[in-house]
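# take this sequence and fold it.
(one chain, ligands or ions: 1)
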Amino acid sequence: MKWPDKISKTLKIEYPIIQAPMLGICTPEMVAAVANGGGLGSLPVGVLPPERVLELIRKTKSLTSKPFAVNLFVHDIPDSVDEIEFDTMQAFFRRICAEDGMIIDEQNAASLKFNTYKSLIDVLIAENIPIVSFTFGVLDDESIRKLKANNTILIGTATCVAEAKILDEKGIDMIVAQGSEAGGHRGSFLNVNDPPLIGSMTLIPSIAAITDKPVIASGGICDGKSISAAFTLGASAVQMGTAFVASHESLATSVWKKRLIGAGEEDIILTNSFSGRFARGIRNKLSEQVTTSGLAVPGYPIQNSLTTPIRAQAQKTGNTDYIVMLRGQSQAKIEEKGSAEIFLELVRQTEAQNLS
Ligand SMILES: Cc1cc2nc3c(=O)[nH]c(=O)nc-3n(C[C@H](O)[C@H](O)[C@H](O)COP(=O)(O)O)c2cc1C
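The predicted structure is shown next:
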């Protein structure tokens, strides 16, 4: 069995398997477990404040001396908020939550504050992070220039060939081909309100055909068979999220893990109701109520701000009607096991596929 080594050599890892960044799920412990096992762990920081990002990076470094990636959300910050749309959705949430005994603090559209990844670039450089991956867009030219001057390897996310071409032209080093099976938000940036939904089987070879950059397959990959299939289709590495969502190191609570594990194929939907950006996860009362309300859903990250206090309260009380439980379509053996064990099992299964 021969592993593709195009990416492993550059990233200084043993196996071309990447634990996907999953904000709200991944911990430094998960990242370190995969890094120490010879894969690439990804630490998601989205647009968290710089002090928190520094803390997470330092914690991860204390658990592994191996390289790991830090993952950013590179979406635009909205210029303005439609107050009527915001207030209508907020009133709707207050009503349905009150019916279920949840009291949600009022937010004011005019005082919403959004962080930007741009405030994190200097932290990543100061901490000498070797690999930076990103989703929801393309890093701005100044950030690309600064990171490249520090020899950072850049990994962007594409959900269609047109997005991959843009990443390629911007000099991004590696491209994640995120198929529609993927759990979590679509990384799309050309048409966020009607995102491309191309399955991995088509997307991986289509992107591999238009670029010399290594392609990282992501979406629907869950075991040795699908990992070797991704390599056959032209991927140089795989990035897997759903397989790790219920691991011991995941931030998901136990009721949440049970729902992730027990979800059937009809429970897994694509919806913009949780955050304003389309994401794949488990249908629940929150998603259903927003969908059937027929209300206009404010865009990301405005809707995300509206659901933040609801999700926080639901997580505290273990109310899965209102927890956002993202996962992909794959019927991965999602198990409550250690991330190191999950990772090693994936390596073993892939080697058993006898790739040549
Ligand atoms: C719970 C969850 C959270 C996610 N959060 C992020 C994130 O913070 N950044 C990112 O680039 N991708 C994120 N993703 C998408 C993953 O990077 C990846 O594309 C996806 O998990 C691959 O599909 P799979 O779930 O079938 O393995 C998330 C996925 C899940 C399931």
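# tell me what the strand or helix carrying residue 121 is packed against?
Secondary structure assigned from DSSP states H and E places residue 121 in helix 121-126. Packing partners of helix 121-126 (3 or more Cβ pairs under 8 Å, 6 or more residues apart in numbering; DSSP states H and E): helix 50-63, helix 141-149. For the C-beta atoms, the positions are set from N, CA and C on the backbone; glycine is no exception.
# and the ones you listed: which comes nearest the ligand?
helix 50-63 (12.5 Å; Cβ to the nearest ligand atom).
# tell me what angle whatever helix or strand comes next after that closest one forms with helix 141-149.
Going down the chain from helix 50-63, the next helix or strand is strand 68-73, by DSSP H and E. Put simply, strand 68-73 runs at 180 degrees to helix 141-149, going by axes from the mean of the first three to the mean of the last three Cα atoms, to 10 degrees.
# paired strands for strand 68-73, with orientation please.
strand 41-46 (parallel), strand 131-135 (parallel) (DSSP bridges).
# flag every buried residue along stretch 142-162.
For stretch 142-162, a neighbour-count test (16 or more other Cβ atoms under 10 Å) marks 143-144, 146-147, 152-161 as buried.
# of those, which is the nearest to the ligand?
residue 157 (5.7 Å).
# helix, strand, or coil at the closest one?
strand (DSSP: H, G, I helix; E, B strand; the rest coil).
# I figured it hits residue 179, correct?
No. Using Cβ atoms under 8 Å, residue 157 is not in contact with residue 179, being 11.3 Å away.
# now do the shared contacts for the two.
Residues touching both residue 157 and residue 179 (Cβ atoms under 8 Å, 6 or more residues apart in numbering): residue 218.
# got the residues of the stretch 151-300 of the chain near the ligand?
Proximity of the stretch 151-300 of the chain to the ligand (Cβ under 6 Å from any ligand atom) is limited to residues 157, 178, 181-184, 218-221, 239-242, 245.
# how about the strands in the stretch 151-300 of the chain?
All strands of the stretch 151-300 of the chain, identified by DSSP state E, counting those that start in this stretch, fall at 153-158, 174-178, 184-185, 215-218, 237-240, 268-271, 279-282.
# tell me what the fifth one is packed against?
By that I understand strand 237-240. Applying 3+ Cβ pairs under 8 Å, 6+ apart, we find strand 237-240 packed against strand 17-19, strand 215-218, helix 224-232.
# and the angle from the last one to strand 174-178?
Orientation of helix 224-232 against strand 174-178 (the same axes, to 10 degrees) gives an angle of 130 degrees.
# buried sites along helix 224-232?
Neighbour-count burial for helix 224-232, counted by 16+ other Cβ under 10 Å, picks out 224, 226, 227, 228, 229, 230, 231.
# ok, those vs residue 72, which is closest?
Closest approach to residue 72 among those (Cβ to Cβ): residue 230, at 24.0 Å.
# so that closest one touches residue 201, yeah?
No. Under the criterion of Cβ under 8 Å, residue 230 makes no contact with residue 201, lying 9.4 Å away.
# OK, now which residue of the stretch 251-356 of the chain is nearest to the ligand?
Relative to the ligand, the nearest point of the stretch 251-356 of the chain is residue 328 (2.9 Å; Cβ to the nearest ligand atom).
# can you give me every residue that contacts the residue lying closest to that residue once chain neighbours are set aside?
Among residues not flanking residue 328 along the chain, residue 183 sits closest, at 3.3 Å (Cβ to Cβ, 6 or more residues apart in numbering). By Cβ under 8 Å, 6+ apart, residue 183 lies in contact with 22, 241, 242, 245, 280, 281, 326, 327, 328, 329.
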